[in-house]
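A.B. asks: Can you look at this prediction? I've put the sequence above it.
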Amino acid sequence: MPFSVATWNINSVRLRLPLVLQFLREYQPDVLCLQETKCPDDLFPREAFHMAGYEHIEISGQKGYHGVATLSRRALTEPARVGFCDIADCRHLSTVVTAGSKRLRIHNFYVPAGGDEPDPEINPKFKHKLGFIDEMKAMNAVHGDGHASLLVGDLNIAPLETDVWSHKQLLKVVSHTPIETEGLEALRKNGGWSDLMRHHIPPHEKIYTWWSYRAADWAAADRGRRLDHIWGSPDLETDLTDITILREARGWERPSDHVPVIARFDLD
């Protein structure tokens, strides 16, 4: 059974609703996980997504900041929202979807960006980010309940040298500092997660999912980073058929600075 999951930091779901609807029409993922929705739950544009065929929606939103949402053409069950670092922001949502004979638990994450200064002693945003990653270590790929698992979203860290345009120049830039990259890789390995993007696309190849708004010509400069991720429980590696990074979405009218990433599977 073909099954697809997409993740996209949309940077305001209401502002970019036309782009999301365009994406859904053209690519029709079974599940779309959005981050940075910047929308309280009562103002989320449910009806527009229902009309697009995504009748099953779980959200965790707040006014003006953060927020995650999971949209699906299949029933979503067992919704759960986990808080991190004793801070009341909306950065996690998990749901369960059935596809073929598999039940998939899908974690949708928006990890804190961390500010500009990579020093937790002087930058509380960076301290929050490191604490968030540390607490995420409780998220394991295998739960012992027979479910397969996906962990997707904007993790705001580019872990590999080939996940950034210049490893050397970004070593002291938040999102690619050693304390972040080593922490994320420890989280992934200790939790038993497979980096499905790198399982499909060899680690020696460059991958970017984010390009800064600050670049006058983002495409020509091509100073990107892979901040958006799709991880899975090891049993999904053999089911994975394709990873698509929709680079052209960065050039759409009034785009997000992130682009969608789609994982396709062939499930029993």
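C.D. replies: Received the coordinates, thanks. Residues are numbered from 1 along each chain as shown.
A.B. asks: tally of neighbours for K125?
C.D. replies: Burial measure for K125: 14 neighbouring residues, criterion other Cβ atoms under 10 Å. C-beta: built from backbone N, CA, C; applies to glycine.
A.B. asks: same thing with R46?
C.D. replies: R46 has 16 neighbouring residues, counting by other Cβ under 10 Å.
A.B. asks: and Q169, that's in a helix?
C.D. replies: Yes. Under DSSP: H, G, I helix; E, B strand; the rest coil, Q169 sits within a helix.
A.B. asks: who are the neighbours in contact with the closest residue to R46 other than its chain neighbours?
C.D. replies: Spatial nearest neighbour of R46, excluding adjacent residues (Cβ to Cβ, 6 or more residues apart in numbering): I57 at 5.7 Å. Listed by Cβ atoms under 8 Å, 6 or more residues apart in numbering, the contact partners of I57 are F44, R46, F49, H50, A69, T70, L71, S72, L76.
A.B. asks: secondary structure element for I57?
C.D. replies: strand 56-60 (DSSP states H and E).
A.B. asks: Output that strand as CSV - backbone C-alpha positions only.
C.D. replies: Extracted in CSV, the C-alpha atoms of strand 56-60 (Å, rounded to 0.1, in the frame of the first residue of the first chain):
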residue,chain,number,x,y,z
HIS,A,56,-8.8,14.5,10.1
ILE,A,57,-6.9,17.2,11.9
GLU,A,58,-5.1,17.5,15.3
ILE,A,59,-3.6,20.7,16.3
SER,A,60,-1.6,22.3,19.2
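A.B. asks: What pairs with it, parallel or antiparallel?
C.D. replies: strand 68-72 (antiparallel) (DSSP bridges).
A.B. asks: ok, and what's touching the strand it pairs with?
C.D. replies: 13, 24, 30-35, 37, 44, 49, 54, 56-61, 76, 90-93, 95, 97, 106, 108-110, 153.
A.B. asks: mean confidence for it?
C.D. replies: If you average the pLDDT over strand 68-72, you get 98.
A.B. asks: what about E205, how many residues close to it?
C.D. replies: As a burial measure, E205 scores 8 neighbours (other Cβ under 10 Å).
A.B. asks: before we move on, what about S166?
C.D. replies: 11.
A.B. asks: Of the contacts of I57, grab the buried ones for PyMOL.
C.D. replies: Restricted to buried positions by 16 or more other Cβ atoms under 10 Å, the PyMOL selection for those reads:
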select buried, resi 44+46+49+69+70+71+72+76
